[in-house]
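> Any chance you can model this:
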Amino acid sequence: MDSSRKRTSTAQPRAPADHAERFRRVRDAHQSETAEDYVEIIAELIGEKGEARLVDLAECFGVTKATVNNTIQRLQRDGFVTSEPYRAIFLTDKGRKLAAASRERHLIVRDLLISLGIDPETAEADAEGIEHHVSKTTLEAFRRHLAKQRRPRD
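Numbering: from 1, shown residues only. Okay, the predicted model is just below:
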């Protein structure tokens, strides 16, 4: 680009503190992402099979049992699950609440994507990543948008 032409942008420059806050939100979302994914899958396994086992989680996530074991220990420390060696894994009340909130957020994001014309399989896969980064404000806007679409048209 020659120096005689200036690039114009309609975006206002952001203060460094604004950037820092956005990046902090992303870091926080990444930190909670694993816990949310695990409790959501544990709840699904308990619903389907009556229990969640280490081997089932390893298969669901495509990771080693050692990786799952380390994550389960962290989830126990944080009060989301209970487990004993060679036994099933169960959600605490705190874990059930997080699983329900995670599942609801996932479904809202998935349904919004489907409402935009995304095929259900792609919407399901994309929602898995997006759901962890959606603010409460944006999620509420998604919810309102979906509610409007579901109302019968006059």
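> now Pro85: how far from Glu36?
For Pro85, the distance to Glu36 equals 25 Å [Cβ to Cβ, to the nearest Å]. To be clear about C-beta, it is placed using only N, CA and C from the backbone, and glycine gets the same treatment.
> quick one: which of those two has more around it?
Neighbours per residue, other Cβ atoms under 10 Å: of Pro85 and Glu36, the larger number sits with Glu36, 20 against 6.
> Assign a three-state SS to the nearest residue to Leu113 once chain neighbours are set aside, would you?
The spatially closest residue to Leu113, leaving aside those adjacent along the chain, is Ala123, at 3.7 Å (Cβ to Cβ, 6 or more residues apart in numbering). The three-state assignment at Ala123 reads helix, by DSSP: H, G, I helix; E, B strand; the rest coil.
> Surely Ala123 touches Ile114?
Yes: with contact defined as Cβ atoms under 8 Å, Ala123 counts as touching Ile114 (4.8 Å).
> of the two, who's got more company?
Using other Cβ under 10 Å as the criterion, Ala123 and Ile114 rank with Ala123 on top: 20 against 16.
> need the contact list for that one.
Counting by Cβ atoms under 8 Å, 6 or more residues apart in numbering, Ala123 makes contact with 110-111, 113-114.
> could I get those residues as JSON lines with secondary structure and distance to Glu44?
Shown next, in JSON lines, are the contacts of Ala123 (DSSP: H, G, I helix; E, B strand; the rest coil; distance: Cβ to Cβ, whole Å):
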{"residue": "Arg110", "secondary structure": "helix", "distance to Glu44": "15"}
{"residue": "Asp111", "secondary structure": "helix", "distance to Glu44": "18"}
{"residue": "Leu113", "secondary structure": "helix", "distance to Glu44": "20"}
{"residue": "Ile114", "secondary structure": "helix", "distance to Glu44": "20"}
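> Between all of the residues you listed, which two are separated the most?
Using Cβ to Cβ, the contacts of Ala123 span at most 7.3 Å, a distance reached by Asp111 and Leu113.
> Now do the phi/psi pair for Ser83.
Main-chain dihedrals, Ser83, degrees, to the nearest 10: phi -170, psi 150.
> For Leu91, see how far away it is.
To Leu91, Ser83 is 10 Å away according to Cβ to Cβ.
> Then Gly117?
Distance, Gly117 to Leu91, by Cβ to Cβ: 35 Å.
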